[in-house]
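J.: build me a structure from this.
(one chain, ligands or ions: 1)
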Amino acid sequence: MSIIQFPKEMKWGVATASYQIEGAINAGGRGASIWDVFAKTPGKVKNGDNGDVACDSYHRYEEDIEIMKDLGVDMYRFSVAWPRIFPNGTGEVSREGLDYYHRLVDRLTENGIQPMCTLYHWDLPQALQEKGGWDNRDTIDAFVRYAEVMFKEFGDKINHWITFNELWCVSFLSNYIGVHAPGNTDLQLATNVAHHLLVAHGKAVQSYRKMGLDGQIGYAPNVEWNEPFSNQMEDAEACKRGNGWFIEWFMDPVFKGAYPSFLVEWFEKKGITVPIEAGDMETIQQPIDFLGINYYTGSVARYKENEGLFDLEKVDAGYEKTDIGWNIYPEGFYKVLYYITEQYGQIPIYITENGSCYNDEPVNGQVKDEGRIRYLSQHLTALKRSMESGVNIKGYMAWSLLDNFEWAEGYSMRFGIVHVNYRTLERTKKDSFYWYKQMIANQFFEL
Ligand SMILES: CCOCCOc1ccc(-c2cn(C[C@@H]3NC[C@@H](O)[C@H]3O)nn2)cc1
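T.: Residues are numbered from 1 along each chain as shown. Just a heads-up that it's a prediction; the model follows:
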């Protein structure tokens, strides 16, 4: 039996996102988002699910906070729905929208839970999409205006800010692969979006600094890990390209002031260029206080000519999979964190998302989600190992507090440590909730 022990200053939390849990899509004058439109486009979301009700956390946030209080978390990572603050994306600010988040943040603080606020977790105001969305540079200034309103309104209550969640999903998954909103399939457009997100991130950080606020600000890229199938150079180079699409593409500009040349050249061979304008790279490179990292899975992979964007194919290495079909690969968690620290130094890192999909249902009021407990245990073991190797981990936010709207999978895939009955909206704490509660209380667990 071995003990996995964490430092007492480690922050523990849970994460959610506005469109995935709030529901109440018309309450308080909220405007439409691209996910309202996408989810109601036939064929885009499994079973035609949408976020109209979700977990109804807009109305049930006090119950959710009671659950977090019982869990014993230090932090709650949530996101703000931009269309609640600016129903039309720009123009008039909604006081009702701001007041909802004041109620949420005040209740968290009353319960000793620190808010970690994500400004953009994918729910772009539809009004902005109709003007080109993130492909239009005007959206950068609209985002900065939104961020400045939030900083001014909540700068004395919120001390941990995240500009963007999973820039790769917002740009390439949503505008090249096309499975997320708005569902484009154009690599140049996706590359434009990725660049504009980074510029918007840099400008928002500049605004935050100008306001003289004493909190911390960062962003939360998602990463995966491709492990070379062999020690052949071509396999290693192909995996570096695949990993770099998540890591270097979104981190080199922030930490090194330039896009990774090995990928710029790879894209240029495909006729893709980055729409850099004068001053953009200096803007993007604003120093940040922490890096958020979202990690779920990885795989063994190898070179295969003309396979995908990077001549890279995944290899089935026989890893156990979760119910969404993703490999369970805790070694990849360790490797990606070690790699990031090798590349960028010991920047403070919060794990802003890590979790697993298991669709266990309640039986006599209990949800025996042993798979999720195993996933948590394996990944926290890998996290501790990364800390022992010098990775500067400050906190861990489990994805997710609640089962919720899992984007194109709708409600068919459950990531919560708390089960949600989507008919009654009843919450049921799963066995993993009690495991995580014990681990938070002890700051260790037994393997
Ligand atoms: C045919 C190719 O199809 C490719 C599908 O490719 C992906 C990749 C990645 C994801 C993905 C989903 N999540 C979990 C979320 N993170 C943020 C939070 O909102 C969670 O709900 N992370 N990554 C989905 C789909």
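
J.: drop to CA atoms for contacts and neighbour counts, all remaining ones
T.: Fine.

J.: residue ranges in the stretch 151-300 of the chain under the pLDDT threshold?
T.: The model of the stretch 151-300 of the chain has no residue with pLDDT under 70.

J.: please, where are all the helices along it?
T.: Using DSSP state H, counting those that start in this stretch, the helices found in the stretch 151-300 of the chain span residues 167-168, 187-210, 233-244, 248-256, 261-268, 280-284.

J.: which of those helices sits closest to Asn392?
T.: Closest approach to Asn392 among these (C-alpha to C-alpha): helix 248-256, 15.8 Å.

J.: for the most centrally placed residue in the chain, which residues are in contact?
T.: Nearest to the geometric centre of the chain sits Asn165, at 4.2 Å (C-alpha atoms, centre = their mean). Taking C-alpha atoms under 8 Å, 6 or more residues apart in numbering, we find Asn165 in contact with 118, 120-122, 219-222.

J.: give me that answer again for 6 Å
T.: Asn165 is in contact with 121, 220, counting by C-alpha atoms under 6 Å, 6 or more residues apart in numbering.

J.: please determine how far it is located from Gln378.
T.: Counting by C-alpha to C-alpha, to the nearest Å, the gap from Asn165 to Gln378 is 24 Å.

J.: equivalent analysis for Ser432, please.
T.: Distance, Ser432 to Gln378, by C-alpha to C-alpha: 13 Å.

J.: more neighbours: the two, which one.
T.: Per other C-alpha atoms under 10 Å, whichever of Ser432 and Gln378 has more neighbours is Ser432, with 22 against 17.

J.: quick one: the more buried one from Cys357, how far?
T.: Taking C-alpha to C-alpha, one finds Ser432 at 12 Å from Cys357.

J.: again, but for Ile34
T.: The spacing between Ile34 and Cys357, counted by C-alpha to C-alpha, is 25 Å.

J.: the two - which one has more neighbours?
T.: More neighbours surround Cys357 than the other of Ile34 and Cys357, with 26 against 23 (other C-alpha under 10 Å).

J.: ok, back up a step: redo the helices of the stretch 151-300 of the chain as JSON lines? Include distance to Lys394 and mean neighbour count.
T.: As requested, these are exported to JSON lines (distance: least, C-alpha to C-alpha, whole Å; neighbours: other C-alpha atoms under 10 Å):
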{"stretch": "helix 167-168", "distance to Lys394": "21", "mean neighbour count": "24"}
{"stretch": "helix 187-210", "distance to Lys394": "20", "mean neighbour count": "23"}
{"stretch": "helix 233-244", "distance to Lys394": "23", "mean neighbour count": "20"}
{"stretch": "helix 248-256", "distance to Lys394": "19", "mean neighbour count": "22"}
{"stretch": "helix 261-268", "distance to Lys394": "30", "mean neighbour count": "14"}
{"stretch": "helix 280-284", "distance to Lys394": "23", "mean neighbour count": "21"}
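
J.: out of these, which is closest to Asn306?
T.: Asn306 sits nearest to helix 233-244 of all the helices of the stretch 151-300 of the chain, at 11.2 Å, using C-alpha to C-alpha.

J.: with adjacent residues omitted, what lies nearest to Gly406?
T.: One thing to correct before we go on: residue 406 is Glu, not Gly. Of all residues not flanking Glu406 in the chain, Met413 sits nearest, at 6.3 Å (C-alpha to C-alpha, 6 or more residues apart in numbering).

J.: next, count neighbours for the one you found.
T.: Neighbours around Met413, by other C-alpha under 10 Å: 20.

J.: what does the one 4 residues further on give?
T.: Burial measure for Ile417: 30 neighbouring residues, criterion other C-alpha under 10 Å.

J.: which pLDDT value does the model give it?
T.: You'll see Ile417 listed with a pLDDT of 99.

J.: from memory it sits against Phe433, does it?
T.: Yes - applying C-alpha atoms under 6 Å as the test, Ile417 and Phe433 come out as touching, 5.0 Å apart.

J.: what's stretch 27-39 in contact with?
T.: 45, 50, 83-84, 87, 96-97, 123-126, 181.

J.: separation between Glu22 and Met211?
T.: Distance, Glu22 to Met211, using C-alpha to C-alpha: 30 Å.

J.: and if you look at Pro115?
T.: 19 Å.

J.: between these two, tell me which one has more neighbours.
T.: Neighbour totals were compared for Pro115 and Met211, and Pro115 leads with 23 against 12 (other C-alpha under 10 Å).

J.: which residue packs closest to that one, ignoring adjacent ones?
T.: Closest residue to Pro115 apart from its sequence neighbours, by C-alpha to C-alpha, 6+ apart: Tyr76 at 5.2 Å.

J.: so the one you found lies in a helix, does it not?
T.: No - with DSSP: H, G, I helix; E, B strand; the rest coil as the criterion, Tyr76 is assigned strand and is not in a helix.

J.: hmm, it is touching Trp12, no?
T.: No - using C-alpha under 6 Å, Tyr76 is not in contact with Trp12; the gap is 8.7 Å.

J.: circling back: out of the helices of the stretch 151-300 of the chain, which gets nearest to Asn136?
T.: Asn136 sits nearest to helix 187-210 of all the helices of the stretch 151-300 of the chain, at 8.1 Å, using C-alpha to C-alpha.

J.: how far off centre is that closest one?
T.: Average the C-alpha atoms of helix 187-210, do the same for its chain, and the two points are 16 Å apart (C-alpha atoms, centre = their mean, to the nearest Å).

J.: what sits up against it?
T.: Contacts for helix 187-210 (C-alpha under 6 Å, 6+ apart): 134-135, 140, 144, 163, 171-172, 175-176, 272, 283-284, 286.

J.: a markdown table please, covering those and showing distance to Pro7.
T.: Supplementary listing: the contacts of helix 187-210 in a markdown table, determined by distance: C-alpha to C-alpha, whole Å:
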| residue | distance to Pro7 |
| --- | --- |
| Trp134 | 40 |
| Asp135 | 43 |
| Ile140 | 39 |
| Val144 | 36 |
| Thr163 | 27 |
| Ser171 | 36 |
| Phe172 | 37 |
| Asn175 | 41 |
| Tyr176 | 41 |
| Ile272 | 45 |
| Thr283 | 35 |
| Ile284 | 33 |
| Gln286 | 30 |
